[in-house]
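**Q** I would like to see how this sequence folds:
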Amino acid sequence: MKRLTLLLAATLLGACSILPQSEPLDIYLLPSAALPAQTPRVDWSLRINSPVGNQLLDGTRIVVLPEPGRVNTYQGVRWSERTPQLLRGRLLDAFHDDGRVQALSNEEQRLQADLELVSDLRSFHSQYRDGRPEALIQLDVRLVDARDQRILASRRFSVSQPALDTSIASVVTAFGQAGDQLSHELVDWTLAEGQRATRQAARTDI
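**A** Residues are numbered from 1 along each chain as shown. The predicted model follows:
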């Protein structure tokens, strides 16, 4: 029995030695640059929902298309949170920096809002063009009346940004620049469409 115990212990020790080591991870935030503050402020509130993404984009892996039709992910790196929440946070920061919409919330806070942004995340990956990676973000956005869920306006935002080189740091920087451009365009569009919708609603109520 003692010999059997020793053999079993040796077997388990040998098995442990061949188990794969945990993959070392570098965690990346989405870089961003603050938008300049704008005026005047509006008197309506806005809820920004997390984009809906497919299974590939609803995780923390950084997705890359090394060639058309082939999907892969960068090994040993992750975003700091799931991609839809990562982008929602960037959009919220952009609206806060802009300053024209003071009453902001997201779907998790369950606060009342006049308007809300609902979106589908179509692309959030890097792809190679002429041997050089570029970050691509595509977002289908709908501005919705939160009272009756009526779609007031819709638009597809599509931004691509080449990376300086093939390193993951350069790719992440390109994602940040693409996110900045998309956020700027989306904030301006939301303000224009939101003001138009609220003016029409005010005339209707008279």
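
**Q** What residues sit buried inside the biggest helix by length in the chain?
**A** When the chain is parsed with DSSP state H, its longest helix is helix 168-205. Within helix 168-205, the residues that qualify as buried are 168, 170-180, 182-187, 190-191, 193-194, 197-198, counting by 16 or more other Cβ atoms under 10 Å. C-beta: built from backbone N, CA, C; applies to glycine.

**Q** Now do the residue nearest to Leu29 when sequence neighbours are not counted: how many residues are near it, please.
**A** Nearest residue to Leu29, sequence neighbours excluded (Cβ to Cβ, 6 or more residues apart in numbering): Ser80, at 5.0 Å. Under the neighbour criterion other Cβ atoms under 10 Å, Ser80 is assigned a count of 12.

**Q** again with Pro31
**A** So Pro31, with other Cβ under 10 Å, has 15 neighbours.

**Q** Can I take it that it is in a strand?
**A** No: under DSSP: H, G, I helix; E, B strand; the rest coil, Pro31 falls outside any strand and is assigned coil.

**Q** didn't it look like it was pressed against Val171?
**A** No: using Cβ atoms under 8 Å as the test, Pro31 is too far from Val171 to be in contact (11.0 Å).

**Q** Gly194 is in contact with Asp145, correct?
**A** No: Asp145 is beyond contact range of Gly194, at 10.2 Å (criterion: Cβ under 8 Å).

**Q** Common neighbours of those two, please.
**A** 115, 152 (Cβ atoms under 8 Å, 6 or more residues apart in numbering).

**Q** who touches the residue nearest to the spatial centre of the chain in this structure?
**A** A centroid search over the chain (Cα atoms, centre = their mean) returns Leu87, at 2.3 Å, as the residue closest to the centre. With contact taken as Cβ under 8 Å, 6+ apart, Leu87 is in contact with 30, 50-51, 121, 124, 137, 139, 179.

**Q** nearest spatial neighbour of Val52, skipping sequence neighbours?
**A** Closest to Val52 by Cβ to Cβ, 6+ apart is Asp120, at 5.2 Å.

**Q** Could you list everything the one you found pairs with in the sheet?
**A** Val52, Asp140 (DSSP bridges).

**Q** Can you give me the distance of it to Ala37?
**A** According to Cβ to Cβ, to the nearest Å, Asp120 stands 30 Å off from Ala37.

**Q** Please, which helix or strand holds Phe157?
**A** Phe157 is part of strand 150-162, with elements assigned from DSSP states H and E.

**Q** What helices and strands are in contact with that strand?
**A** strand 115-129, strand 132-145, helix 168-205 (3 or more Cβ pairs under 8 Å, 6 or more residues apart in numbering; DSSP states H and E).
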